[in-house]
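Enquirer: Predicted coordinates and the sequence they were generated for:
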Amino acid sequence: MDISNNCTHCGKDTSFGSGRFVNRIPSTTETQEGYMCPDCQAVECDKCDQKTLDYLTTEAGELFCSDCLEVQA
């Protein structure tokens with residue numbers, strides 16, 4: 001089912017003007033086609049537990065936001 005501009009995970013509007021248009025990505029689940037909003041794409045940093053879209057994975061498989069990665073260096 002095509003849900004148009006709604007997020008396939010949380011159902012929030014991702015259309016232009018919604019505040020979620022930038023950084024949305026096409027997304028398909030078993031039952032829906034639409035987009036995934038930035039909030040649902042974000043992952044938690046393994047060090048500070050803040051959600052981020054800007055992260056790197058270490059060789060050990062840990063996810064660090066850019067701020068925590070700079071502290072690690």
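Expert: Everything's here; your move.
Enquirer: what residue is smack in the middle of this structure?
Expert: residue 41 (1.5 Å; Cα atoms, centre = their mean).
Enquirer: Give me the pLDDT value at the residue lying closest to that residue once chain neighbours are set aside.
Expert: Closest residue to residue 41 apart from its sequence neighbours, by Cβ to Cβ, 6 or more residues apart in numbering: residue 53 at 6.0 Å. Bear in mind the C-beta positions are built from the backbone N, C-alpha and C, glycine included. On the pLDDT scale, residue 53 is placed at 88.
Enquirer: wait, isn't residue 53 in contact with residue 40?
Expert: No - using Cβ atoms under 8 Å as the test, residue 53 is too far from residue 40 to be in contact (10.6 Å).
Enquirer: Sheet partners, orientation included, of the helix or strand harbouring residue 27?
Expert: Using DSSP states H and E, residue 27 sits within strand 25-28. Counting by DSSP bridges, the strands paired with strand 25-28 are strand 33-36 (antiparallel).
Enquirer: ok, the closest residue to residue 25 other than its chain neighbours - how many residues close by?
Expert: Using Cβ to Cβ, 6+ apart and skipping the chain neighbours, the partner closest in space to residue 25 is residue 36 (5.3 Å). Residues contacting residue 36 under the criterion other Cβ atoms under 10 Å number 20.
Enquirer: again, but for the one 3 residues further on
Expert: By other Cβ under 10 Å, the residues close to residue 39 number 14.
Enquirer: avg pLDDT for the helix or strand encompassing it?
Expert: Per DSSP H and E: residue 39 is located in helix 38-41. Per-residue pLDDT values over helix 38-41 give a mean of 92.
Enquirer: After it, heading C-terminal, what element do we hit next?
Expert: strand 43-44.
Enquirer: what are the pairing partners of that following strand, and which direction each?
Expert: strand 51-52 (antiparallel).
Enquirer: which residues sit against the partner strand?
Expert: 39, 42, 43, 44, 45, 65, 66 (Cβ atoms under 8 Å, 6 or more residues apart in numbering).
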